[in-house]
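Peer 1: got a predicted structure plus its sequence, pasted below:
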Amino acid sequence: MCGVLRFACLFMALLLLCGCSADKRQLENLGFTNSISYDLYTEEDNEERKLLVTTSVPNIGTKTGKQREVLTAVTQSSKQAWVKLSRQTGRILVNGQLRNALFGMELAAEGLMPHIDTLVRDPSIGQRVNIIIVDGKASELLKKDFPDEPPTGQYIYDLLEKEEKHNSIPDIAIYSFARDLMDEGIDPVAPIIKMNKDHLMIDGIALFGDDRYRTKVSFKDALIFAGLRGDLNQGELNVDFKDANEIESVTLSSVIGRRMVKVKRVQNGEIKVLLGLHFKGSVLEYIGSRELNDTKDIAFLEGQLSDYLQDEAMKLIRHMQTNQVDSLGIGQHVRNSMRYKEWNSLDWKEAYAGADIECSVKVTIINTGKFQ
Amino acid sequence: MREKINPYHIFMLMYMVQSGVGLFSLPRITAEYFGTNGWLAVLVVSFIVCLNIALFYIVYRMGKGRSVFDIMESSVSKFVLFPLYAFVIFVISLTGCLLGKQYILMFQMISFQTTPPYILKLFFEILLYFLLIKGIYNIVKASTVFFYLTSWMPFLMLYHLGEFEWQRLTPFLFQGETSMIQGIIQIMGSLLGYEVSLYLIPYVERNSPFFRAVVLGSLYTSLVYLVVCIVSFGFFGFTMLLHLNFPLFDLFAFIELPFVERFENLLFIFFIFKVLITTIISFWIVQLYLGRIFTKAHPKLLIFMIVLATYIVSNFADTLTKLSRWLHYLFAMHISLNFLIPIVLIILLNIQKRQEVT
């Protein structure tokens, strides 16, 4: 009994010692950074390029009346900015709840690697922070309040999470971005958002060559891009085509897509890549002259959809080749078809631009809804 | 009659002793030292460990259940043995305590950035001391409880299957910059602890499937290591893996449940059970050796001295880089001892057998 008592006393004494630690965190004294933005900053009378960092900290349990606090600093690096930002608030800034990292387009074109490195290195920052490119200045977007929506940081997060689930934008976690940035044979991508009067909207997908923004895919092609990049589990496709000089429109819902990549070596040793896409979905909206209960008409629609999607897919592939961005990860498949030495001696960036890449698309209409 | 340890408990003890904080960096180590598809090296090292266990088994069969110390001391003078004992004590105690320190330094990096590690280590030492004084039977029982507390953790890898892609593994075998001998030392270092089976011989029932449990326990650890490494290669890809200090921690950081996020800190805390058992078993072996040198010393005093001495030494390893360097040398010495001791014992047993015949 005496031993137990002694042990209990010792344990309590050690527990009290924990209070001496500088790492104690009192919730009401913390400022949980929700979003952070990075932009290039050039002063008018000085050509030196600096970093404009803005952060949004939700006000929880404070009596300021405002939903969030926005802090801004101009420095050389993001960690230096963190010190400056901390000096502007009475709360201790912590980034354990960071959800969005926004980058201005101009900065993205200069290269994101130093900032991604800082975010990935910090153990307090999660793997699921969203990497987002802003059409314009990221700081201005983050500072703006949208009266009909939740606080801006949360609004961005909700908007992107929803779109990601519907495959309108690719996986946007920092982990995916960093992985594709470092891996050979694939380039990273990120969603682009922009301000639209009183709302935000997804503007497309930014395609990177290494860590630099090169070009983009428009939002209307986002699902085809997602299908080209990998398997799809959900999505919606709207297709307009001409039938007997009349514009017809089909909406393919609950789209499931499967991608297959084949790499062949043709006679002179050149690489030929065949991308096969198979989309399956339900037609829940059709405006046109065909009958949806007629198998011949269904086959016709499948053919029209396949042709349209194949053309669009090929346009996207050529666009990416012209800009030398391997956002589809074709290089990974080419690498895996070669010997190690052969791959190492190949300048894939160079070879990619001129590679013979073909795409074939097959569409299957699973059903046409509950109405004959 | 003295209580004997059941092979069922041995299986779990082997897993708890072998698996530890080394698993956090193992996928990077396999990539760094073995290049592409380095995860295959886990199979190679697992085979080497099985060979080492086979040597222990020969000692067990030839020695007919006698302890390591009885075999050695019946043929060799204590004056010759004591320097060897001192070296074994040095290597095993330091390896055990530094593995504990590695956990503490990682814990500091993740959760308590400005808390001095010696305070955190003190808590660890207290837990260690109170379990160690209870003796091997209670340690084994505690390890069984700890096994069940942590047995669900390998299944967390299922969470990553959605992001896993075989094409990231590449078809290349051990390509890129490699350093295989160093790599084998590192991977074997994270599988160390199986040597406890040699010292448990007097504590198990003769003719029980003791060594089958040892081998199965070791193979289970290797299987868990293999799964973690394959998932890491298919999840991060080879190049990113080279940049991650603790890939398993990043795998944990990816897990998000509807009711809790930033789950990784909680998961990391569960590893204290594994590290605790690893260090405790090392210290228990050291206690056996010290008991042979200081035959009249009270066991509790010996344990206190081990814990205190290693606690003081561990404070000199104050950075993760320094600690990794120290551990690398210790692993090399530890592995050498793991092969050297059973070989010496087999030679001695052969000599004793011949003497008996003549």
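Peer 2: Yep, it's here.
Peer 1: please identify the buried residues of the longest helix along chain B?
Peer 2: Assignment by DSSP state H gives helix B:320-357 as the longest helix of chain B. Using 16 or more other C-beta atoms under 10 Å in any protein chain shown as the test for burial, helix B:320-357 gives B:320, B:323-324, B:326-327, B:330-335, B:337-338, B:341-342, B:344-346, B:348-349, B:352. All C-beta spots, glycine's among them, are computed from the backbone N, C-alpha and C.
Peer 1: equivalent analysis for stretch A:290-307, please.
Peer 2: Quick answer for stretch A:290-307 (16+ other C-beta under 10 Å): A:290, A:292, A:297, A:298, A:301, A:302, A:304, A:305, A:306.
Peer 1: name the nearest residue to the fourth one, ignoring sequence neighbours.
Peer 2: With C-beta to C-beta, 6 or more residues apart in numbering or on different chains as the criterion, residue A:298 has its nearest non-adjacent residue at 5.6 Å, and that residue is residue A:365.
Peer 1: pLDDT of the longest helix of chain B, averaged?
Peer 2: In this model, helix B:320-357 carries a mean pLDDT of 94.
Peer 1: where is the longest strand in chain A?
Peer 2: Ranked by number of residues, the top strand in chain A under DSSP state E is strand A:246-265.
Peer 1: which parts of the stretch 151-300 of chain B sit against chain A?
Peer 2: Residues of the stretch 151-300 of chain B that fall close to chain A, judged by C-beta under 8 Å from any C-beta of the partner chain: B:163, B:167-168, B:170-172, B:175, B:236-240, B:243, B:249-250, B:253-254, B:256, B:261-262.
Peer 1: mind running it again at 7 Å?
Peer 2: Contact residues (C-beta under 7 Å from any C-beta of the partner chain) of the stretch 151-300 of chain B with chain A: B:167-168, B:170-172, B:175, B:236-237, B:239-240, B:243, B:250, B:253-254, B:256, B:262.
Peer 1: can you pull out the helices in chain A?
Peer 2: Applying DSSP H to chain A gives helices spanning A:2-18, A:78-86, A:105-110, A:113-121, A:138-143, A:152-165, A:174-182, A:222-229, A:295-322, A:330-336, A:340-345, A:348-354.
Peer 1: just those helices: most buried one?
Peer 2: Across the helices of chain A, averaging neighbours per residue (mean count of other C-beta atoms under 10 Å in any protein chain shown) puts helix A:222-229 on top, at a mean of 24.
Peer 1: hmm, that helix in reach of chain B?
Peer 2: No. Judged by C-beta under 7 Å from any C-beta, helix A:222-229 and chain B are separated, with a smallest distance of 11.7 Å.
Peer 1: now the buried residues of stretch A:290-307 as TSV including pLDDT?
Peer 2: Shown next, in TSV, are these (pLDDT from 0 to 100):
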residue	pLDDT
A:290	79
A:292	77
A:297	86
A:298	88
A:301	88
A:302	90
A:304	88
A:305	90
A:306	93
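Peer 1: now for these: which two are most distant?
Peer 2: Spatial extent of those (C-beta to C-beta) is set by the pair A:292 and A:306 at 17.1 Å.
Peer 1: out of the buried residues of stretch A:290-307, the closest to residue B:214 would be?
Peer 2: Lowest distance from residue B:214 to the buried residues of stretch A:290-307 (C-beta to C-beta) belongs to residue A:306, with 60.4 Å.
Peer 1: any idea of the pLDDT on residue A:23?
Peer 2: If you check residue A:23, the pLDDT there is 66.
Peer 1: returning to that earlier point: average pLDDT for the longest strand of chain A?
Peer 2: Averaged across strand A:246-265, pLDDT comes to 90.
Peer 1: lowest-confidence stretch among the helices of chain A?
Peer 2: helix A:2-18 (a mean of 63).
Peer 1: right, and the helices of chain A - which one's nearest residue B:22?
Peer 2: helix A:113-121 (21.7 Å).
Peer 1: okay, that closest one in CSV with CA atoms only?
Peer 2: The C-alpha trace of helix A:113-121 is given here as CSV (Å, rounded to 0.1, in the frame of the first residue of the first chain):
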residue,chain,number,x,y,z
MET,A,113,9.2,24.6,-54.6
PRO,A,114,10.6,26.7,-51.8
HIS,A,115,7.1,27.3,-50.3
ILE,A,116,6.0,23.7,-50.8
ASP,A,117,9.2,22.6,-49.1
THR,A,118,8.5,24.8,-46.1
LEU,A,119,4.9,23.5,-45.8
VAL,A,120,5.9,19.8,-46.1
ARG,A,121,8.8,20.1,-43.7
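Peer 1: kindly reformat the helices of chain A as JSON lines containing distance to residue A:241.
Peer 2: Compiled in JSON lines, the helices of chain A are given as follows (distance: least, C-beta to C-beta, whole Å):
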{"stretch": "helix A:2-18", "distance to residue A:241": "69"}
{"stretch": "helix A:78-86", "distance to residue A:241": "48"}
{"stretch": "helix A:105-110", "distance to residue A:241": "34"}
{"stretch": "helix A:113-121", "distance to residue A:241": "41"}
{"stretch": "helix A:138-143", "distance to residue A:241": "37"}
{"stretch": "helix A:152-165", "distance to residue A:241": "26"}
{"stretch": "helix A:174-182", "distance to residue A:241": "34"}
{"stretch": "helix A:222-229", "distance to residue A:241": "15"}
{"stretch": "helix A:295-322", "distance to residue A:241": "5"}
{"stretch": "helix A:330-336", "distance to residue A:241": "28"}
{"stretch": "helix A:340-345", "distance to residue A:241": "41"}
{"stretch": "helix A:348-354", "distance to residue A:241": "31"}
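Peer 1: quick one: closest of those helices to residue A:192.
Peer 2: helix A:105-110 (7.9 Å).
Peer 1: can you name the residues in contact with the closest one?
Peer 2: If you take C-beta atoms under 7 Å, 6 or more residues apart in numbering or on different chains as the criterion, helix A:105-110 is touched by A:38, A:39, A:40, A:133, A:134, A:135, A:136, A:206, A:212, A:213.
Peer 1: out of the residues you listed, name the ones that lie in strands.
Peer 2: Residues of the contacts of helix A:105-110 located in strands (DSSP E): A:38, A:39, A:40, A:133, A:134, A:206, A:212, A:213.
Peer 1: which among the residues you listed end up buried?
Peer 2: Buried by 16+ other C-beta under 10 Å: A:38, A:39, A:40, A:133, A:134, A:206, A:213, out of the ones in strands among the contacts of helix A:105-110.
Peer 1: run through chain B and note the low-pLDDT ranges.
Peer 2: Residues of chain B that meet the criterion pLDDT under 70 lie in B:1-2.
Peer 1: OK, contacts around residue B:169?
Peer 2: Here residue B:169 is in contact with B:37, B:233, B:234 (C-beta under 7 Å, 6+ apart).
Peer 1: mind running it again at 6 Å?
Peer 2: Residues counted as contacts of residue B:169 (C-beta atoms under 6 Å, 6 or more residues apart in numbering or on different chains) are B:233, B:234.
Peer 1: separation between it and residue B:29?
Peer 2: To residue B:29, residue B:169 is 17 Å away according to C-beta to C-beta, to the nearest Å.
Peer 1: equivalent analysis for residue B:242, please.
Peer 2: 10 Å.
Peer 1: looking at these two, which has the bigger crowd around it?
Peer 2: Set residue B:242 next to residue B:29 and count neighbours by other C-beta atoms under 10 Å in any protein chain shown: residue B:29 wins out with 23 against 17.
Peer 1: tell me the secondary structure for that one?
Peer 2: Recorded secondary structure, residue B:29: helix (DSSP: H, G, I helix; E, B strand; the rest coil).
Peer 1: wait, it sits on residue B:184?
Peer 2: No. In this structure residue B:29 lies outside contact range of residue B:184 using C-beta atoms under 6 Å: 10.4 Å.
Peer 1: would you mind naming what in the stretch 1-150 of chain B lies close to chain A?
Peer 2: Within reach of chain A by C-beta under 6 Å from any C-beta of the partner chain, the stretch 1-150 of chain B has these residues: B:109, B:110, B:112, B:114, B:115.
Peer 1: max pairwise distance over those: which two?
Peer 2: Farthest-apart pair in the residues of the stretch 1-150 of chain B next to chain A is B:110 and B:114; separation 12.7 Å (C-beta to C-beta).
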